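>>> Build me a structure from this.
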Amino acid sequence: MVQFNLMEEWIFSLLHALSLPEYGLSTVFVVCFIAATLVPLTPTPALLGLIKLNPELFWPAILVATLGNTLGSVVGWWMGYGAKNFYQKIKKEDSYSKGMMLLKRFGPKACLLSWFPVIGDPLCIIAGWLHMPFWRCVAYIAIGKFARFLIMAALLIWVWPGAITFE
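Here you go, the predicted structure:
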């Protein structure tokens with residue numbers, strides 16, 4: 001039981017230190033960037049912790065989280081783009097599954113779903129694989145991610161303000 005209390009205290013002190021305004025925004029950016037790759041990580045706790053401890057950073061935190069998460073997805077898009085080029089050099093053919101054909105039918109608008117857990121990151125990679133228009137994909141990715149962060153932060157800060165406590 002003592003170890004659990006020590007670990008809990010350590011985690012809360014680490015979160016508190018990382019949420020300081022001079023470190024908080026850069027921490028949120030890095031966590032959001034990494035979370036948008038195939039690393040199984042969610043950026044929401046870092047964002048909400050920063051906003052809860054520094055409510056005046058609400059809009060800057062949302063924008064930084066959106067930027068970091070969007071840039072991470074852009075890296076995924078380029079990974080898919082490069083992977084397809086490499087695959088075509090080796091196989092000299094196109095390979096499409098039913099899921100890819102469905103995504104191709106919806107086009108870059110499908111990237112609005114990039115905020116979705118589990119499917120969002122591979123969706124960006126597949127968009128790159130399909131050589132969907134880069135800037136349109138980036139725009140839809142950014143819109144989806146911004147909406148996700150804004151809605152989640154608004155819900156947990158204003159609708160359920162007691163959901164996050166650091167006491």
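
>>> Which helix in this structure has the most residues?
Secondary structure of the chain per DSSP state H: the longest helix is helix 58-91.

>>> Pull out the buried positions in the next helix or strand after that one.
Going down the chain from helix 58-91, the next helix or strand is helix 98-106, by DSSP states H and E. Residues of helix 98-106 classed as buried: L103, K104 (neighbour count, 16 or more other C-beta atoms under 10 Å). Where C-beta positions appear, they are placed from N, C-alpha and C, glycine not excepted.

>>> what's the answer for stretch 71-86, then?
Under the neighbour-count criterion of 16+ other C-beta under 10 Å, stretch 71-86 has L71, G72, S73, V74, V75, G76, W77, M79, G80, Y81, K84 buried.

>>> Export the residues you listed to JSON lines and append columns for pLDDT.
Below are those laid out as JSON lines (pLDDT from 0 to 100):
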{"residue": "L71", "pLDDT": "96"}
{"residue": "G72", "pLDDT": "95"}
{"residue": "S73", "pLDDT": "94"}
{"residue": "V74", "pLDDT": "95"}
{"residue": "V75", "pLDDT": "95"}
{"residue": "G76", "pLDDT": "93"}
{"residue": "W77", "pLDDT": "93"}
{"residue": "M79", "pLDDT": "92"}
{"residue": "G80", "pLDDT": "90"}
{"residue": "Y81", "pLDDT": "90"}
{"residue": "K84", "pLDDT": "82"}
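
>>> thinking again about what came up before, helices or strands next to the longest helix of the chain in the packing?
On a contact count with 3 or more C-beta pairs under 8 Å, 6 or more residues apart in numbering; DSSP states H and E, helix 58-91 meets helix 21-35, helix 44-53, helix 120-129, helix 134-154.

>>> from the chain's centre, how far out does it sit?
10 Å (C-alpha atoms, centre = their mean, to the nearest Å).

>>> any low-confidence regions in the chain?
Counting by pLDDT under 70, the chain has low-confidence residues at 1-4, 7, 11, 14-23, 88, 92-99, 161-167.
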